[in-house]
Each structure stands twice: as C-alpha cells, then as structure tokens.
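Asks: Build me a structure from this.
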Amino acid sequence: MALAAALIPGSTPAQTRITPHAFLDAVVGKTVTFHELTSGTLVGTEQFLGRTLSVWQRKGEGCVYGRITTPDGKLCFHYDSEPGPVCWWPFIHQGRLLVRIARLGDGEIQYVGRLSNEGLGCPAAPIS
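Replies: I've put the predicted structure just below:
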C-alpha cells in the first residue's frame with residue numbers, strides 16, 4: 001500500500017495518513033467491519049462494491065447504499081439517509097487500517113476489524 005508521509009493534525013504520533021485511493025485498494029471487493037477505537041464496539045459493516053459504490057449496515061439496521069468520492073484527500077460517502085457527505089481521513093497505526101472522521105477538533109476514530117469476501121446480503125444495488 002502506498003503511504004503518504006503526512007501525519008493527521010491533532011493525532012498521536014505514528015499515525016500515518018494514507019490516500020483514499022490506497023484505502024480503497026485494500027477494501028474494494030471486500031466487506032469490512034468498523035469498530036470504535038477505544039471500546040472496540042462494532043459500529044457497522046460496509047461492503048465496498050467498487051471504487052465509487054458501497055453499502056453500509058449498522059448492527060440491527062437495514063442497508064444503505066452510498067456513493068464514494070475522494071475530495072481533498074478525504075474518503076467521503078454520500079448516503080441517501082444523510083443530509084450531507086460523511087467524510088474520513090484514512091490512516092495506518094501500528095499496522096492497523098483506521099479512519100478518522102474529517103471535521104475540526106478531535107474526530108471519532110474507527111478501526112477495520114475484519115475484511116472478508118462475504119457479502120452483506122442486501123438487496124441489489126441501485127442502478128443510478
């Protein structure tokens with residue numbers, strides 16, 4: 001994976017930012033679990049159907065499809081269920097793939113807990 005040398009502002013040392021494209025290289029075609037960094041609690045599962053489309057599912061909830069974009073070094077998801085994009089900075093810390101919410105101040109950090117080839121079993125992706 002190609003790594004960028006920049007550190008995330010306000011983060012602890014040794015968190016190396018990676019490009020959204022490097023993150024997508026690691027996850028496209030996979031189903032990924034995301035966990036809250038400090039508690040380890042499962043936040044949800046995302047199936048990366050391609051570089052521009054994913055499907056997100058919180059535990060116990062339905063599937064939500066999202067368009068993926070990569071503006072200004074961020075990884076953004078545009079879900080119909082959200083009023084605006086949900087954007088993250090991807091990075092590596094101690095060999096783990098993580099994402100940090102892209103907003104001012106301390107942002108939520110989640111880690112990739114599991115990558116699998118299993119789908120979420122969601123209805124077919126929208127065509128448009």
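Asks: contacting residues for Lys59?
Replies: 42, 44-45 (C-beta atoms under 8 Å, 6 or more residues apart in numbering). Using the backbone N, CA and C atoms, a C-beta is placed for each residue, glycine as well.
Asks: Can you select the buried ones from these in PyMOL?
Replies: Those of those that count as buried under 16 or more other C-beta atoms under 10 Å are selected in PyMOL with:
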select buried, resi 44+45
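Asks: Let me have the contacts of Lys59 in a markdown table, extended by secondary structure.
Replies: Output for the contacts of Lys59, formatted as a markdown table (DSSP: H, G, I helix; E, B strand; the rest coil):
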| residue | secondary structure |
| --- | --- |
| Leu42 | strand |
| Gly44 | strand |
| Thr45 | strand |
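Asks: Just grab the bridge partners of the nearest residue to Gln15 once chain neighbours are set aside for me.
Replies: Leaving aside its chain neighbours, Gln15 sits nearest to His93 (4.6 Å; criterion: C-beta to C-beta, 6 or more residues apart in numbering). Beta-bridge partners for His93, by DSSP bridges, are Gln15, Arg96.
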